Structure formats: C-alpha cells, structure tokens
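A.B. asks: Next comes the sequence, and after it the predicted model I'd like to discuss.
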Amino acid sequence: MTQILFKNINLEGLATLPVYEGQGGYRSLEIAFKKQPEEVVEMVKASGLRGRGGAGFPAGLKWSFLAKDVFPRYLCCNADESEPGTCKDRELLLKNPHLLIEGMILCSYACRIQTGYIYFRGEFYDLAQIMEKALDEARRKGYLGKNIMGSGFDLDIHTHLGAGAYICGEESALLNSLEGRRGEPRMKPPFPAVEGLYAKPTVINNVETLCCVPWIISEGPEKYAAIGTEKSKGTKLVSVSGHVKKPGNYEVVLGTPTREIIYDLAGGIRDDNKLKAFIPGGSSVPMLPAELVDTPYDYEALQAAGSMLGSGALIVIDHTMNVVEATHRLMSFYMHESCGKCTPCREGTRWLWQILSRIMKGQSEGDPISKLNDICDNMSFKCFCPLGDAAIAPVVSGIKHFRADYEEFLQNAATGAAG
Amino acid sequence: MFAFNETSEKEIEKILGKYPDRQSALLPLLTVTQRQERHITPEAMVEIGRRLDLSPAYVQSVASFYTMYHTEKVGRYLILFCINISCQLNGCDDLLAYTAKKLGIEIGQTTPDEKFTLLREECLAACTGAPMMRINDTFYEFLTPAKIDEIIDSLE
C-alpha cells in the first residue's frame, strides 16, 4: 500500500522537530532552493496534484495564476476543516505539524510569498497550540525567518483562529474572516490569485494539499503522477465514519474501489448489517446507493456515478437508517450555517428543513416531495456561494435513490401509524 | 469595568505582530477576551474597538456572526456535544439526553453552580471517533454512558 502522508503518522514524537528531521523532514527544501521558483511550480503541475479540500482544482495551476509582479503575496492554508464527516486534516495537524510547515515553505518559495497564515477553525485551539510550538522550532532551526538555509528567501508563518462558522471554509469567506470581518463570501472575480488577502495575490490551499508537496519535490513529480488513475493522481486521505466497524482516516491510492475502503480498511458494516447508502465526499455531495459501492474512489468515477470526491469523507449508512432522518439532520446544519447573505440559501435551507420536519411527522398535505424538489431546483446554481448547492445535495440524491424512505413516513401518516 | 489581565496583554502584543492590518486582530482579540472572561460583554467590545480603531458596533457585528463567542456567561466547563451526521449515526441523541439528565439541566442551559454549560454542536471534525464531545479545549471520542460519567465526574 502506498503511504505518502500517513507513512509514519503514528511514530512517537513525530510532532517534534528532531524526530521529523530524522524521518527525512525538511530535506525537500534543499532540492527546491537549487531550482528557480517557477520550476517548483512546474513540478507541482507535472505531479497532477489536485486540491484536497473539496473542489479538486489542480494545485500547480492555481499557483501559476497569481497576478504577475504584484507584491506582497500571501499564502493561506485552509485548516477550517468543518465539512461533516471530515477529520483527516485534524490528524495531520495533530501528529505531523512540520509536514504542513514544510509544504507551506515550498509553496511560498515557488510563488514568491513571504507571509503565510494557517486559518484554523476556532475549535482547533489545541492544534493551533501544537502548531505554534512547531513554528517556533522551525524558526529556531532557520527553516523560517530571513534567508532560509542561505537561499536568500524570507518567510514567516502565523496561526490564526476562526470562531465557529462553517462558511469560513469557503476561500473568500476565509479571507474576510482573516481580515477581521464577518465571514461572508466575496463576489468572484476577482479571484484570490489576483485580489485575495488585503487585496493582494493570494494562494489558498487545504492542509492535505500542502502536505503532499514535500514528497512531490523529494521523490519527483513523475513518481507521484505514476500513482492513481489517469486524471486522479496520488493518494487521498479518506475519513470513513458512520456505520462501519473500524472508523478511521485511511490513505488510499485514488481509484481504489469504494468497496475495499468500506469492507477491507474500515472492517465492513457494523453488526454485519446491510449497506444502504454512502456519502463519498462529505455531507455536501450527493449520497449514493449500495449498488454503486464498486465505484472507484477517484474524482472522475465518483462524478460519473452522480456524486463527488469532495473532501474525502466517506459516510456509511446501513439498512437500519431512514435517509430522511439523516437528511433532516444535515439540513438543520446547513440552515444553521447559511451566512444569510443571499436569499435562496437563507430562505431555501429553512424551507427545506421545515418540509423535512413535516414529512417526519407524517404530514403529507401539498405533495411535500415535489415541493422539496421544486425548492432545490430554485436553489441550484442560484446561490452566492457553493453552500446552497451543498445543502440541496442530500435532498435531491435522497429522493432520487431512496424515495421509498420518504414515502414510508408519509404512508405511515396515511394509515395513522406515525407518531 | 472591563480590563485585559497581564496574560491577555502579553498575548495581544504577540497577536498584533502577526498582521500588516490591525483589523485582522479582531477575531483573535475576541478569543483572548472570551478565554479570560468566559464571555464577551459590551464593555469588552468597546475596549477591543479602542485597541483596533473600530467602532463598538462594528466589533459587535463581527462578534455576532461567529457561534463561538458568547455574550452570556457560560460555565467553567463548556460541553459541546456533536449532533451532526456521523455522531447521529452512532447514537449521539441518546447520549446527549443522558448527559443533560446527568447534569440536571436542559440542553442549552448552565448548571446553577456555573460549573457546566451543555450545548448542541455541529460537526467538530472528529467523525471517525463518533460519538464525540468537546469540553473546553479537549476532544472526547467514542462516548458511552459510562465514559461520559467518568469524564464528567473527573472534572474538578
């Protein structure tokens, strides 16, 4: 099994500099500093690395979009991990903070950036403390600061804590939050690569994405590109949760059948129950029925199956669960987290939640299933940022694949069986 | 009257050094305030605004956006109980009810001795350890009634 990010993740003391260095840590910097920054960007492009936060945009390409000759530039690492089902970044940050620092140094060198921020969700206070320690170690050793390793390149990295807002994982909302504003998303364009933090060119990457970069530079982009499928390169951390025997974060080669992840790595369904549904990429992507469990776990195959790889959170649901209950819970989340800036999302999430609540009470007046579909249709691609589209994913896919679950509630009402 | 204590002042000095623009220190200063006082009063918002050249109203407009800032006093131990999907699938609703009963309060309330506040919380990124809760800065995973007893009883 190819392990790039998790190879030594449980090694004792890995979060400290001496142990990290003993594992070959920070050696990619010597390789990178002998090259021109643009060559490092080309290496990341050639590796085929795609963003691991959710959108899957090619990382090297993103770096090459920075507005030319405009300085200062900023790097913001998105450590706002809040997508329900996702907890892979937390494990990286908890156990291997130096890997992220090394990745951020490489990205900053490649993009001629001299200041980096790590935006932690507020609930990751403990992780920010761990990172502060690691940053201090790196500064003392000269991996951060002025003239890093005699390269003439200067960089410092700071931690920043959010305060409880899912929307701040959206990159432009993250920038507003980092600037001391309400975490509402910004109009794009301009994209952050042109006008990001303090209206300067800014790279925003997820923790896992940046953590892949040291290996790519050390081992070579060809080696990375040789892993995975034609278009989905490398490995992916998958958070497997829900009704499985061995929930956990697993590093898999992209293209691994979803069945293997659920049944081999995560030990199969609890109590040997029957698999009913799985959500492959966090709560914001459509759920899929058990019949599609052989779908290869990669960007293209999951999209072809009608869902998305998203953040890599595989939520497993067994036959004892009615998907309406799960969808209702998720809608309560989206309603709570909608920032309120645009009407379709603010009102739509509330209406969806209200109708789902009524369905669960067995109230069938006014054809509630059609009404749900109608509202979803009116939200789809009409919201200011992707939160609205995320919110409708479980509803639309749930009705498509598990209409019987909806009808079960309504049927019970018709026969007077519902409570 | 609100004033930052010595620890907070040291922290603030460090925070202000991180950013080219003072306003970026707004969330960190709100966090410092809350860690000192356990909640954020209007007086504290005035003081934060004074430090960062922002109006108290602006400070409040930002503070009210984020769920982690409390304007009412919370208990010494703030229990955030995750109720999102992975925890739901692993029975968090019963465990949350169990915890409320154990503390003798409703969800959303603080015990009369101001020791515990119990809140429903959205996903805290520990889904592979569901069901889970966060008490102050610590995550507790794979909860059972017995484990909840043990954790809560051990808190001074």
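C.D. replies: Sure thing, it's come through. Numbering: from 1, shown residues only, chains lettered A, B, ... in the order given.
A.B. asks: Could you measure from A:Leu93 over to A:Leu14?
C.D. replies: As judged by C-beta to C-beta, to the nearest Å, A:Leu93 and A:Leu14 stand 12 Å apart. All C-beta spots, glycine's among them, are computed from the backbone N, C-alpha and C.
A.B. asks: meant to ask about A:Val207
C.D. replies: Here the criterion is C-beta to C-beta. By it, A:Val207 lies 16 Å from A:Leu14.
A.B. asks: of the two, who's got more company?
C.D. replies: Shown here are A:Val207 and A:Leu14; by other C-beta atoms under 10 Å in any protein chain shown, A:Val207 has more neighbours (28 against 18).
A.B. asks: Quickly find the element holding the residue nearest to that one when sequence neighbours are not counted.
C.D. replies: Spatial nearest neighbour of A:Val207, excluding adjacent residues (C-beta to C-beta, 6 or more residues apart in numbering or on different chains): A:Asp89 at 4.0 Å. Using DSSP states H and E, A:Asp89 maps to helix A:88-95.
A.B. asks: And the contacts of that helix?
C.D. replies: Under the criterion C-beta atoms under 8 Å, 6 or more residues apart in numbering or on different chains, residues A:5, A:9-10, A:14-15, A:79, A:81, A:99-100, A:120, A:124, A:126-127, A:130-131, A:206-208, A:211, A:237-239, A:249, A:311-313, B:125-126 lie in contact with helix A:88-95.
A.B. asks: Mind giving me the ChimeraX select for these, buried ones only?
C.D. replies: To isolate the buried subset of the contacts of helix A:88-95 in ChimeraX, counting by 16 or more other C-beta atoms under 10 Å in any protein chain shown, use the following:
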select /A:5,9,14,15,79,81,99,100,120,124,126,127,130,131,206,207,208,211,237,238,239,249,311,312,313 /B:125,126
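A.B. asks: Distance of the residue nearest to the spatial centre of chain B relative to A:Trp353?
C.D. replies: Taking C-alpha atoms, centre = their mean, the centroid of chain B lies closest to B:Met68, which sits 5.1 Å from it. To A:Trp353, B:Met68 is 23 Å away according to C-beta to C-beta.
A.B. asks: swap in A:His328?
C.D. replies: Here A:His328 is placed at a distance of 7 Å from A:Trp353 (C-beta to C-beta).
A.B. asks: what mean pLDDT would you report for the lengthiest helix in chain A?
C.D. replies: In chain A, taking DSSP state H as the definition, the longest helix is helix A:387-414. Computed over helix A:387-414, the mean pLDDT rounds to 94.
A.B. asks: same thing with stretch A:6-22?
C.D. replies: If you average the pLDDT over stretch A:6-22, you get 97.
A.B. asks: Got the phi and psi for B:Arg120?
C.D. replies: Torsion angles at B:Arg120 (phi, psi; degrees, to the nearest 10) stand at phi -70, psi 140.
A.B. asks: And the strands in chain A?
C.D. replies: Along chain A, counting by DSSP state E, strands occupy A:74-79, A:115-120, A:156-161, A:202-206, A:235-242, A:248-253, A:256-257, A:275-279, A:288-289, A:296-297, A:313-318.
A.B. asks: and B:Asp93, which of the ones you listed is closest to it?
C.D. replies: Among those, strand A:235-242 comes nearest to B:Asp93, with 14.9 Å by C-beta to C-beta.
A.B. asks: A:Cys168 contacts A:Leu161, correct?
C.D. replies: No: using C-beta atoms under 8 Å, A:Cys168 is not in contact with A:Leu161; the gap is 10.7 Å.
A.B. asks: Quick check: the gap between A:Lys35 and A:Ser311.
C.D. replies: Relative to A:Ser311, and taking C-beta to C-beta, A:Lys35 is found at 31 Å.
A.B. asks: Also A:Glu171?
C.D. replies: As judged by C-beta to C-beta, A:Glu171 and A:Ser311 stand 14 Å apart.
A.B. asks: same check, this time on B:Tyr19
C.D. replies: Distance, B:Tyr19 to A:Ser311, using C-beta to C-beta: 28 Å.
A.B. asks: How about the contacts made by A:Trp353?
C.D. replies: Here A:Trp353 is in contact with A:His328, A:Met331, A:Ser332, A:Tyr334, A:Met335 (C-beta under 8 Å, 6+ apart).
A.B. asks: Apart from its chain neighbours, what residue comes closest to the first one?
C.D. replies: It refers to A:His328. A:Leu356 (4.3 Å).
A.B. asks: Now do the contacts for the one you found.
C.D. replies: Counting by C-beta under 8 Å, 6+ apart, A:Leu356 touches A:Val324, A:Thr327, A:His328, A:Met331, A:Leu372, A:Val395.
A.B. asks: Identify the residues contacting A:Ala226.
C.D. replies: With contacts defined as C-beta under 8 Å, 6+ apart, A:Ala226 is in contact with no residue.
A.B. asks: now do A:Leu144
C.D. replies: A:Leu144 makes contact with A:Ile101, A:Ile105, A:Leu135, A:Ala138, A:Leu155, A:Asp156, A:Ile157, according to C-beta under 8 Å, 6+ apart.
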